[in-house]
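>>> sequence and predicted structure below; questions after.
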Amino acid sequence: MAGTDALRSGQRRHHAVAVRGRQRGGPVLLEHVLALLEGEGTTAVVPALWALEVGNVILRGEARSSLTEARSTEFLGTLQEMAVDMDSETATHALAGTLQLARRFKLSSYDASYLELALRKGLPIATLDADLRRAAALAGVPFI
């Protein structure tokens with residue numbers, strides 16, 4: 001998280017955080033997000049669809065028996081205590097910048113929304129998704 005962090009008011013570190021469940025290790029990604037957000041003064045800036053994606057990753061992990069419902073509940077309790085800023089402009093950019101990024105980098109609209117947010121806000125992106133990391137690198141967005 002070195003010099004790539006975008007600083008905002010109060011010296012809080014902000015990161016665009018993507019949670020994607022299609023790769024193996026969804027629970028590992030959840031742990032990665034937890035570790036990232038546990039840092040004092042760190043805020044995750046996420047597209048408006050983020051909470052739905054977190055829920056989907058949890059459900060898939062539970063269905064595959066790689067995540068217990070008890071662990072999911074614990075994770076959600078911890079997540080609720082962390083600084084997560086939902087972007088209110090996700091839908092505004094969905095059929096313009098986000099769609100163009102999805103086309104350009106062959107991403108889903110969901111993945112492109114994280115890239116669009118990182119570009120618009122000048123933030124590094126935290127994701128383990130290979131396609132999104134590739135697109136971020138090509139777009140000049142640092143990732144964690």
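Now that the structure is in, tell me what you want to look at. Numbering: from 1, shown residues only.

>>> every contact and neighbour count from this point should use C-alpha atoms.
Noted.

>>> in stretch 117-135, what's buried?
For stretch 117-135, the neighbour count (16 or more other Cα atoms under 10 Å) marks 117-119, 122-129, 132-133, 135 as buried.

>>> so which of those sit within strands?
Per DSSP state E, strands hold the following members of the buried residues of stretch 117-135: 125-126.

>>> quickly list what the closest residue to residue 144 other than its chain neighbours is bridged to.
Using Cα to Cα, 6 or more residues apart in numbering and skipping residues adjacent in sequence, the residue nearest residue 144 is residue 126, 4.9 Å away. Counting by DSSP bridges, residue 126 forms beta bridges with residue 17.

>>> for residue 126, give me the pLDDT.
pLDDT recorded at residue 126 is 83.

>>> these two touch, right, it and residue 136?
No. Counting by Cα atoms under 8 Å, no contact exists between residue 126 and residue 136, whose distance comes to 10.1 Å.
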